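*Asks:* sequence and predicted structure below; questions after.
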Number of protein chains: 2
Amino acid sequence: MTNEIESIPISKMMDEIGKAARVGAAQLALCSGAERNAALLAVAGVIRERSAGILAANQDDMQSATQRGLGAAMLDRLALDDARIEAMATGLEAIAELPDPVGRKIAAWERPNGLHIQRVTVPLGVIGIVYESRPNVTADAAGLCLKSGNAVILRGGSESLRSNKMIYQCLHDGLGQTSVDPAAVQMVQTTDRFAVGYMLSSMVDSIDVLIPRGGKGLVKRVQEEARVPVIGHLDGICHVYVHASADASMAIDVVVNSKMRRTGVCGAAETLLVDRLAASRILPQILSALIDAGCKIIGDENVRALSVQVHPAGEEDWSTEYLDAAISCRIVDDIDHAIEHIGRYGSGHTESIITEDADAAAQFLTRVDSAIVLHNASTQFADGGEFGMGAEIGIATGRIHARGPVGAEQLTTYKYVVRGSGQVRL
Amino acid sequence: MTNEIESIPISKMMDEIGKAARVGAAQLALCSGAERNAALLAVAGVIRERSAGILAANQDDMQSATQRGLGAAMLDRLALDDARIEAMATGLEAIAELPDPVGRKIAAWERPNGLHIQRVTVPLGVIGIVYESRPNVTADAAGLCLKSGNAVILRGGSESLRSNKMIYQCLHDGLGQTSVDPAAVQMVQTTDRFAVGYMLSSMVDSIDVLIPRGGKGLVKRVQEEARVPVIGHLDGICHVYVHASADASMAIDVVVNSKMRRTGVCGAAETLLVDRLAASRILPQILSALIDAGCKIIGDENVRALSVQVHPAGEEDWSTEYLDAAISCRIVDDIDHAIEHIGRYGSGHTESIITEDADAAAQFLTRVDSAIVLHNASTQFADGGEFGMGAEIGIATGRIHARGPVGAEQLTTYKYVVRGSGQVRL
């Protein structure tokens, strides 16, 4: 089947996928919330039934990836097991439990001339999702799109193609048991990178929003080529700023958790800023705790003066997303200096201040212009589930449409419904 | 001064404008609502003081435009007089009266672990506005941006350059009397079209959102070249559908008003769809009323059978925005056919159904996927002022961030402010 599809020129295949998704979107937009939830539950059931088949396909993917020499972190992201497959199914069931994001009346008012105006949420239409490695994104992302009444075009990474195809087949067949047109979920079944470029630049009529989820290469490509509107997910260069009046024990706990709980997530801290006035009191303990936890420290001159185990930082370190057990560390003069550093090197994702000083906290929360700003809490809370929003497709760092966790609610737009009795405009 | 500026390479000039706007945005984001309102009032004052100078510059623009043979409609858009200048000043004062769109808590909740989460509105940052002919947009757009805490880079049409420069100087000098950094308002003082391309494609770091306001040429260029996020304003191919059960007299009034109140606005109806079952009862009267009002009718075979004054419609007429005293007219089989026609040829702007049948109205309002859908009211209500939202920069027909009237509220985004007491993630 792969050969047959790949023998057709990719642009033609993509146009057909786009057209089918548009048809699916039109049908899905008219389904009730109950119908969309039934579709999610049906897909969850099929995923459970076929877990052996998904596992077998995943083992093929793992074997190829191992032969191609993929790193341990990548292999871990790619791997499925019974628990991860069950998590996909329960994830879809949890999405079904969420409140319906479509058809909500966000606002309603009446005009002096008697016109009654409502602002009502509607699906975005067709969402393109370009992602890498983790095959569970196939189910999670499709689930969020279905919940919010959107058709979806999935384009996963080449290393997980076989797993993705099996999961896609579950989605397709699950929808086939329901009143939702299976055309609402489309998958790009080629690993040719031309297909990604085509989605970015040539599907303006068939993709309403593109959501990229991946590494620097993908992000760069999206910035250079995208003509389709994008809900951006850039780097997570997250900062923790330990203020002069920070509680030492809280600072240690929050910094270590922000960096080391999971180092490969976008909400992991990449840079630690410590106020000059807190450096001698708190920083040595933080450094010890990080080193004990297995973290490499890359610091400026002042930090290196505190420990021989600190590696020297270059300018590029302040804008590096390590996604690993490594953190850059700098001593700043004051809160202004910290905020300026974050403004210059940050990626607008998530930043936290540790302080007992309410004024300093208020300043930081107001002046730092990131999607998520925290006071006395770990940056690792940057997550839709932790926010109580349910599943999410990622953390948006762009400025338009949605910022922070992108869940089902963020995958809607709105329209104005105006009811009159023959009003004409003067 | 023009010569001096134009001797610098445009890309360098644009980079400097972008850098200055970023500085202005950072300062403006920290101003209070009272400071931003004071700035709007100061600018209004300076515009009133300098109305003679603005008029003189506008007369120069008008003279050049007349010599270059611009049409009457364009000249009317370009022309300023005392009343229009006063309207700019009062417009800014009205914007100052609007509620502050920045710093609003849209949502707040607490998590079981004690984290307190708020979603708070913040400015978008730097907004680029590319517009044509009407010089009042210079003041209106800058006013909405200032109100919403955004810096703005204005790029008006070449025909209004002298008027725009004078109004820009009023903005600059008005801000100079206040605590708002005049850098928050920037103007591209060259008519070189390269500058527009540069804004679209090369200012990703200095423009957060681009809002194009103009004709087909600009829209096409934006679609082809934009790498900066866009809040789109495309054509307004608006439809009125006269349903089988429409009230005849209401249908006549609403159709004539939708088309003829002002023909050059994006909310003007361009296509009239009449249900087959209502055609003989209502359409002849509608045609007479339109023809009496000076409107050219372009109809399909069935419409032409009703009147010798109907011109033949070709396929391209269904997707033509006349912006003139002309309307295309088609007889449709039923509501499904009407909705299908709108889906195929419409631009997602504004559509109205005229009917006494509540079920038909509900179907139309739900199934038609446009920014504004109306029941028994004129499409000419597609306007921020008529919606009670105050001034607007245009009607967005894109699907992300904002749809319908784009006022001060739509020029904001949000961030999450999270307050904790040392929480770390498990």
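*Replies:* Everything's here; your move.
*Asks:* which residues does the strand or helix carrying A:Lys259 contact?
*Replies:* Secondary structure assigned from DSSP states H and E places A:Lys259 in helix A:248-260. Residues from elsewhere that reach helix A:248-260 (Cβ atoms under 8 Å, 6 or more residues apart in numbering or on different chains): A:238, A:240, A:242, A:268-269, A:272, A:278, A:281-282, A:285-286, A:289-290, A:293-295, A:325, A:327, A:352, A:354, A:376-380, B:422, B:424-425. For glycine as for every other residue, the C-beta is placed from the backbone atoms N, C-alpha and C.
*Asks:* flag every buried residue along the lengthiest helix in chain A.
*Replies:* Ranked by residue count, the top helix of chain A under DSSP state H comes out as helix A:10-29. Buried residues in helix A:10-29, counted by 16 or more other Cβ atoms under 10 Å in any protein chain shown: A:10, A:13-15, A:17-18, A:20-22, A:24-26, A:28-29.
*Asks:* filtering those by proximity to chain B, which remain?
*Replies:* Contacts with chain B are made by A:Ala26, A:Ala29 out of the buried residues of helix A:10-29, judged by Cβ under 8 Å from any Cβ of the partner chain.
*Asks:* the helix holding A:Lys259: what's the following helix or strand?
*Replies:* Counting by DSSP H and E, the element after helix A:248-260 in chain order, helix or strand, is strand A:269-275.
*Asks:* and that following strand, is it in reach of chain B?
*Replies:* No: using Cβ under 8 Å from any Cβ, no contact is recorded between strand A:269-275 and chain B, whose separation bottoms out at 11.7 Å.
*Asks:* who are the packing partners of that strand?
*Replies:* Secondary structure elements in contact with strand A:269-275, counted by 3 or more Cβ pairs under 8 Å, 6 or more residues apart in numbering or on different chains; DSSP states H and E, are strand A:238-242, helix A:248-260, helix A:276-292, strand A:326-332, helix A:335-345.
*Asks:* got a markdown table for those, with mean neighbour count and mean pLDDT too?
*Replies:* Converted to a markdown table, the helices and strands packed on strand A:269-275 look like this (neighbours: other Cβ atoms under 10 Å in any protein chain shown; pLDDT from 0 to 100):
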| stretch | mean neighbour count | mean pLDDT |
| --- | --- | --- |
| strand A:238-242 | 29 | 98 |
| helix A:248-260 | 23 | 98 |
| helix A:276-292 | 18 | 97 |
| strand A:326-332 | 24 | 98 |
| helix A:335-345 | 18 | 97 |
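*Asks:* closest to B:Arg193 out of those?
*Replies:* When the helices and strands packed on strand A:269-275 are ranked by distance to B:Arg193, counting by Cβ to Cβ, first place goes to helix A:335-345 at 33.0 Å.
*Asks:* give me the distance from the closest one to the chain's centre.
*Replies:* The chain centroid and the centroid of helix A:335-345 are separated by 25 Å under Cα atoms, centre = their mean, to the nearest Å.
*Asks:* again, but for stretch A:140-155
*Replies:* The offset between the C-alpha centroid of stretch A:140-155 and the centroid of the whole chain comes to 14 Å, using Cα atoms, centre = their mean.
*Asks:* state which strand of chain A is the longest.
*Replies:* Ranked by residue count and defined by DSSP state E, the top strand of chain A is strand A:412-423.
*Asks:* lowest-pLDDT helix or strand in chain A?
*Replies:* Using mean pLDDT, DSSP states H and E, helix A:2-7 stands out as the lowest-scoring helix or strand of chain A, at a mean of 44.
*Asks:* and stretch A:167-181, average pLDDT?
*Replies:* Per-residue pLDDT values over stretch A:167-181 give a mean of 98.
*Asks:* before we move on, the earlier item: what angle sits between the helix holding A:Lys259 and strand A:326-332?
*Replies:* Direction vectors for helix A:248-260 and strand A:326-332, defined by axes from the mean of the first three to the mean of the last three Cα atoms, to 10 degrees, enclose an angle of 140 degrees.
*Asks:* closest residue of the stretch 101-250 of chain A to chain B?
*Replies:* In the stretch 101-250 of chain A, the residue that lies nearest chain B is A:Met250 (4.1 Å; Cβ to the nearest Cβ).
*Asks:* just say helix, strand or coil for A:Ile127.
*Replies:* Local secondary structure at A:Ile127 is given as strand here, using DSSP: H, G, I helix; E, B strand; the rest coil.
*Asks:* identify the bridge partners of it.
*Replies:* Beta bridges link A:Ile127 to A:Val152, A:Val209, judged by DSSP bridges.
*Asks:* wait, it touches A:Leu154, no?
*Replies:* No: with the criterion set as Cβ atoms under 8 Å, A:Ile127 and A:Leu154 do not qualify as a contacting pair; they are 9.5 Å apart.
*Asks:* what's near enough to touch the residue nearest to A:Tyr131 when sequence neighbours are not counted?
*Replies:* If the residues on either side of it in the chain are set aside, A:Tyr131 comes closest to A:Arg213, at 4.2 Å by Cβ to Cβ, 6 or more residues apart in numbering or on different chains. When contacts are counted by Cβ under 8 Å, 6+ apart, A:Arg213 is found next to A:Ile129, A:Val130, A:Tyr131, A:Glu132, A:Val137, A:His233, A:Ile393, A:Gly394.
*Asks:* ok, and the closest non-adjacent residue to the last one?
*Replies:* Setting aside the residues directly before and after it, A:Gly394 is nearest to A:His233 in space (Cβ to Cβ, 6+ apart), at 4.4 Å.
*Asks:* A:Ser236 reaches A:Ala268, doesn't it?
*Replies:* That one is not Ser; residue A:236 is Gly. Yes: at 7.0 Å, A:Gly236 counts as touching A:Ala268 under the criterion of Cβ under 8 Å.
*Asks:* got the residues of the stretch 201-350 of chain A near chain B?
*Replies:* Where proximity means Cβ under 8 Å from any Cβ, the interface of the stretch 201-350 of chain A facing chain B comprises A:204, A:208-209, A:223-224, A:226-227, A:229-231, A:247, A:250, A:253-254, A:256-258, A:261, A:343.
*Asks:* the stretch 51-200 of chain A too?
*Replies:* Going by Cβ under 8 Å from any Cβ, the residues of the stretch 51-200 of chain A near chain B are A:Trp109, A:Arg111, A:Leu115, A:Ile117, A:Val122, A:Leu124, A:Gly125.
*Asks:* sec struct for the first one, please.
*Replies:* Three states are possible here, and by three-state DSSP the one that applies to A:Trp109 is strand.
*Asks:* and it, how many neighbours?
*Replies:* Neighbour count for A:Trp109, taken as other Cβ atoms under 10 Å in any protein chain shown: 12.
*Asks:* confidence score at it?
*Replies:* 97.
*Asks:* which SSE is the residue lying closest to it once chain neighbours are set aside in?
*Replies:* Using Cβ to Cβ, 6+ apart and skipping the chain neighbours, the partner closest in space to A:Trp109 is A:Ile117 (5.6 Å). Using DSSP H and E, the secondary-structure element containing A:Ile117 is strand A:116-123.
*Asks:* list the contacts of that strand.
*Replies:* Here strand A:116-123 has contacts from A:25, A:28-29, A:101-111, A:148-150, A:409, A:411-420, B:369, B:387-388, using Cβ under 8 Å, 6+ apart.
*Asks:* tell me the angle that strand makes with strand A:412-423.
*Replies:* Compare the direction of strand A:116-123 with that of strand A:412-423 by the same axes, to 10 degrees and you get 150 degrees.
*Asks:* run the chain-centre distance for strand A:116-123.
*Replies:* Put simply, strand A:116-123 sits 27 Å off its chain's centre (Cα atoms, centre = their mean).
*Asks:* again with stretch A:220-234
*Replies:* The offset between the C-alpha centroid of stretch A:220-234 and the centroid of the whole chain comes to 14 Å, using Cα atoms, centre = their mean.
*Asks:* got the CA coordinates for that stretch in CSV?
*Replies:* Listed next in CSV are the C-alpha coordinates belonging to stretch A:220-234 (Å, rounded to 0.1, in the frame of the first residue of the first chain):
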residue,chain,number,x,y,z
LYS,A,220,13.3,26.8,11.7
ARG,A,221,11.6,25.4,8.6
VAL,A,222,8.2,26.6,9.8
GLN,A,223,9.5,30.1,10.4
GLU,A,224,11.0,30.2,6.9
GLU,A,225,8.3,28.5,4.8
ALA,A,226,4.9,28.8,6.5
ARG,A,227,2.2,30.5,4.6
VAL,A,228,-0.5,28.7,6.5
PRO,A,229,-1.4,30.3,9.9
VAL,A,230,0.7,28.7,12.7
ILE,A,231,0.1,28.2,16.4
GLY,A,232,3.7,28.2,17.3
HIS,A,233,5.6,26.0,19.6
LEU,A,234,9.1,27.2,19.8
